[in-house]
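Asker: Pasting the sequence and the predicted model now:
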Amino acid sequence: MGSVLVVDDEIDICTLVTRQLKSIGIEAEYALNIKEALSKTAFNPYDLYIIDLNLTDGSGFTLVQKVKEMQPNSRIIIISAYDNESKRALKNGADLFVAKPLSKKIINDALLAVNFV
């Protein structure tokens with residue numbers, strides 16, 4: 001199984017998702033903004049990124065573009081409270097869009113949908 005980077009400016013969401021992933025045996029870390037995510041990505045390419053669209057230092061779409069340039073084979077799940085962004089997320093390189101709020105079932109379903117588990 002691969003590794004996952006969760007990128008969200010809400011620490012509670014990062015903690016919820018990373019704990020859920022670790023509980024099913026997936027290596028997971030989190031970043032609270034684009035800068036931190038890019039820093040972590042430089043040292044450790046991830047197989048899956050779970051990215052919120054609204055980050056404190058910019059749009060999650062910016063991070064999606066950078067990840068796709070650096071690691072074109074990585075999968076990306078966009079999470080957002082704004083479900084009207086789903087088409088744009090898929091058009092801009094995401095493999096899946098998931099509307100918040102998140103739950104364990106939603107996270108597991110998302111992993112299955114992108115063939116990660």
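Answerer: Okay, I see it.
Asker: Without its sequence neighbours, what residue ends up closest to A99?
Answerer: Setting aside the residues directly before and after it, A99 is nearest to D83 in space (Cβ to Cβ, 6 or more residues apart in numbering), at 4.1 Å. Glycine gets a C-beta too; all of them are placed from N, C-alpha and C.
Asker: Next: A94.
Answerer: Nearest to A94 is I78, by Cβ to Cβ, 6+ apart, at 4.3 Å.
Asker: Just the pLDDT for the one you found.
Answerer: pLDDT, I78: 98.
Asker: I'd like to know how many residues surround the residue nearest to A99.
Answerer: Neighbour count of D83, defined by other Cβ atoms under 10 Å: 11.
Asker: Run a quick check on it versus V98, I expect a contact.
Answerer: No: with contact defined as Cβ atoms under 8 Å, D83 does not count as touching V98 (9.1 Å).
Asker: what touches both of those two?
Answerer: Shared contacts of D83 and V98 (Cβ atoms under 8 Å, 6 or more residues apart in numbering): none.
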